[in-house]
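Asker: Okay, here's the prediction I keep looking at, along with the sequence it came from:
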Amino acid sequence: MASSAPHMIIMILLAMAVLSALISPANSTSRGLDRRPQKTGFRVSLRHVDSGGNYTKVERLQRAMKRGRFRLQRLSAKTASFESSVEAPVHAGNGEFLMKIAIGTPAETYSAIMDTGSDLIWTQCKPCKDCFDQPTPIFDPKKSSSFSKLPCKSNLCAALPISSCSNGCEYLYSYGDYSSTQGVLAAETFKFGDVSVPKIAFGCGEDNDGSGFSQGAGLVGLGRGPLSLISQLGEPKFSYCLTSIDDTKGISTLLVGSEATAKTAITTPLIQNPSQPSFYYLALKGITVGDTLLPINKSTFSIQGDGSGGFIIDSGTTITYLEGSAFSALKKEFISQMKLDVDESGSTGLDLCFTLPPDSSTVEVPQLVFHFEGADLNLPGENYMIADSGLGVLCLTMGSSSGMSIFGNFQQQNMVVVHDLEKETISFAPAQCNQL
């Protein structure tokens with residue numbers, strides 16, 4: 001996906017009434033998934049949490065950024081303490097996409113947040129001591145013939161960061177800002193799309209606190225740890241394809257197992273952080289804006305000795321956040337190369353916006369390339385710029401962070417992103433996600 005002309009200018013066509021960024025770089029031709037008949041695997045439709053609302057593109061982005069700031073705090077925190085003598089890994093928690101699942105026998109249908117930043121699968125359960133409002137009835141394990149509590153000696157009980165043993169394997173799972181779920185680890189039949197899978201370990205949460213969970217009935221963790229759905233299924237691969245943020249009718253897709261393949265992809269290795277083993281860390285070597293390789297220190301995106309820093313790819317964070325010095329270099333170069341005045345109004349909440357000329361229908365923006373180890377990812381312009389003719393601004397959908405850097409889902413729009421846990425790689429392939 002790397003361009004042969006890194007200084008090439010991309011054109012943004014602005015809609016008259018509403019924001020729109022239709023950018024057409026020279027290499028933006030979409031390529032489909034490998035859709036050969038498969039023997040294993042399944043696909044599940046994903047719905048954006050704001051898909052039912054009547055929001056403009058910028059309004060949807062603003063709402064997602066507000067949630068994303070909480071998530072960034074969770075992801076950036078190194079540990080979360082619940083007792084003075086106990087420290088546990090932090091998990092991401094809330095997210096931007098809901099997946100429909102069915103639990104139990106007979107099956108009851110729920111929407112749950114898809115989360116690549118944590119491992120535990122959980123839903124709220126009766127009897128509920130402290131539960132948030134959810135759009136569907138709370139799961140009642142007494143009504144399911146396939147429900148069973150997992151014993152304390154089970155391997156998955158041992159994999160919990162915090163657990164105790166009195167009435168089965170009891171857990172406390174934290175999300176960094178002191179949001180948490182607490183209950184009993186159990187096994188149940190789950191249905192994903194048309195595929196039913198028995199004996200999936202999940203948290204039956206009877207005491208659930210915190211912000212960002214109420215869009216669904218719980219979470220489905222897709223992290224790298226043993227408790228995640230992917231690890232439990234024994235399927236080494238999954239992928240997702242996320243539609244653009246202004247595609248209110250398009251359906252994003254999660255593909256698991258043999259469905260998770262893509263043609264003409266570029267591939268980069270995953271790296272491990274022992275302090276945060278659930279996250280998907282990538283080796284980002286540099287960033288090019290136009291024809292300028294940014295002067296970023298080689299260690300900027302490296303995992304530090306104490307486990308901080310690093311660069312992760314995340315489906316639940318909307319915009320990309322770069323470590324402060326890297327974002328400053330990026331911002332400076334965009335200002336240098338753009339032929340527009342910087343907008344200082346702060347109307348969108350984004351760090352860098354430009355004032356649109358009132359009589360202009362096209363704007364030139366420089367190309368943006370992320371140089372991962374072994375793979376140059378040349379982003380289409382609509383994956384890093386957003387325009388609103390009503391506000392009269394054109395903005396960069398990236399921001400600054402302290403420590404950890406995150407590759408957000410806005411930058412992953414209309415790409416098949418394949419996570420291969422067997423080969424320890426991430427692959428990117430362009431696609432029209434609303435047509436899969």
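Answerer: Thanks, I have it. Numbering: from 1, shown residues only.
Asker: beta partners of F97?
Answerer: H48 (DSSP bridges).
Asker: how near is S345 to V393?
Answerer: From S345 across to V393, the span is 8 Å (Cβ to Cβ, to the nearest Å). Glycine gets a C-beta too; all of them are placed from N, C-alpha and C.
Asker: For the two, indicate the residue with more neighbours.
Answerer: V393 (21 against 10; other Cβ atoms under 10 Å).
Asker: so who does the more buried one touch?
Answerer: Contacts for V393 (Cβ atoms under 8 Å, 6 or more residues apart in numbering) come out as 343, 345, 347-348, 353-356, 387.
Asker: beta partners of it?
Answerer: T355, D388.
Asker: What score does it have for pLDDT?
Answerer: pLDDT recorded at V393 is 91.
Asker: May I have the predicted confidence score for the closest residue in space to S302 that isn't next to it in sequence?
Answerer: Residue nearest to S302 in three dimensions, not counting chain neighbours: G309, with 6.1 Å by Cβ to Cβ, 6 or more residues apart in numbering. Looking at G309, its pLDDT is 93.
Asker: Likewise for A326?
Answerer: pLDDT, A326: 98.
Asker: Would it be right to say that it lies in a strand?
Answerer: No. Secondary structure of A326 (DSSP: H, G, I helix; E, B strand; the rest coil): helix, not part of a strand.
Asker: With only the CA atoms kept, save stretch 139-153 in CSV.
Answerer: Provided in CSV are the C-alpha atoms of stretch 139-153 (Å, rounded to 0.1, in the frame of the first residue of the first chain):
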residue,chain,number,x,y,z
PHE,A,139,-29.3,-12.8,31.9
ASP,A,140,-30.8,-15.3,34.4
PRO,A,141,-28.6,-18.3,34.8
LYS,A,142,-31.3,-20.2,36.5
LYS,A,143,-33.3,-20.3,33.3
SER,A,144,-30.5,-21.9,31.2
SER,A,145,-30.0,-25.6,31.2
SER,A,146,-26.4,-25.2,29.9
PHE,A,147,-25.1,-22.9,32.6
SER,A,148,-22.5,-24.2,35.0
LYS,A,149,-20.0,-22.5,37.4
LEU,A,150,-16.3,-23.1,36.8
PRO,A,151,-14.4,-24.7,39.6
CYS,A,152,-11.6,-22.8,41.3
LYS,A,153,-9.0,-25.4,40.0
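Asker: Now do the buried residues in that stretch.
Answerer: With burial defined by 16 or more other Cβ atoms under 10 Å, the residues of stretch 139-153 counted as buried are 139, 141, 144, 146-147, 149-150.
Asker: And that stretch, how far out from the chain middle?
Answerer: Relative to its chain's centre, stretch 139-153 lies at 30 Å (Cα atoms, centre = their mean, to the nearest Å).
Asker: what is the rounded mean pLDDT of that stretch?
Answerer: pLDDT averaged over stretch 139-153 gives 96.
Asker: got the contact list for that stretch?
Answerer: For stretch 139-153, contacts defined as Cβ under 8 Å, 6+ apart pick out 103-106, 108, 110, 123-126, 156-157, 163, 165, 167-169, 184-189, 198, 201, 204, 217.
Asker: Apply 7 Å and report the result again.
Answerer: The contact list for stretch 139-153 (Cβ atoms under 7 Å, 6 or more residues apart in numbering) reads 103-105, 108, 123-126, 156-157, 165, 168-169, 184-189, 198, 201, 204.
Asker: Could you do stretch 198-208 as well?
Answerer: 120-125, 127-132, 141, 146, 150, 156, 171, 173, 181-190, 218, 227, 232.
Asker: if you set the cut-off to 6 Å instead, what comes out?
Answerer: 120-122, 124-125, 128-131, 156, 171, 181-184, 186-187, 189-190, 232 (Cβ atoms under 6 Å, 6 or more residues apart in numbering).
Asker: Narrow these to those in helices?
Answerer: If you go by DSSP state H, the contacts of stretch 198-208 have 156, 232 in helices.
Asker: And the buried ones among the contacts of stretch 198-208, selectable in PyMOL?
Answerer: To isolate the buried members of the contacts of stretch 198-208 in PyMOL, using 16+ other Cβ under 10 Å:
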select buried, resi 120+121+122+124+125+128+131+156+171+181+182+183+184+186+187+189+190+232
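Asker: If any of the contacts of V393 are buried, give me the ChimeraX selection for them.
Answerer: Typed into ChimeraX, the line below selects the buried ones among these, using 16+ other Cβ under 10 Å:
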select :343,348,353,354,356,387
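Asker: for the stretch 201-350 of the chain, what are the low-confidence residue spans?
Answerer: 210-214 (pLDDT under 70).
Asker: what's the single longest strand in this protein?
Answerer: strand 195-209 (DSSP state E).
Asker: Give the other helices and strands that the host helix or strand of C241 contacts.
Answerer: According to DSSP states H and E, C241 maps onto strand 237-241. With contacts taken as 3 or more Cβ pairs under 6 Å, 6 or more residues apart in numbering; DSSP states H and E, strand 237-241 sits against strand 252-256, strand 415-420.
Asker: of all those, which lies closest to I271?
Answerer: Checking the helices and strands packed on strand 237-241 against I271 by Cβ to Cβ gives strand 415-420 as the closest, at 13.4 Å.
Asker: after that closest one comes which helix or strand?
Answerer: strand 425-430.
Asker: and that following strand, what's its mean pLDDT?
Answerer: Taken as a whole, strand 425-430 carries a mean pLDDT of 96.
Asker: Quick one: list the elements packing against that strand.
Answerer: strand 266-271, strand 415-420.
Asker: to the chain's geometric centre, what's the distance from the first one?
Answerer: When distances are taken as Cα atoms, centre = their mean, strand 266-271 is centred 17 Å away from the chain's centroid.
Asker: Direction included, what does it pair up with?
Answerer: strand 281-282 (antiparallel), strand 425-430 (antiparallel).
Asker: Let's have these in TSV, adding mean neighbour count.
Answerer: As requested, those are exported to TSV (neighbours: other Cβ atoms under 10 Å):
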stretch	mean neighbour count
strand 281-282	24
strand 425-430	22
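Asker: returning to that earlier point: tell me which of the contacts of stretch 139-153 fall in strands.
Answerer: Per DSSP E, the contacts of stretch 139-153 map to strands at 103, 108, 123-124, 165, 169, 184-189, 198, 201, 204.
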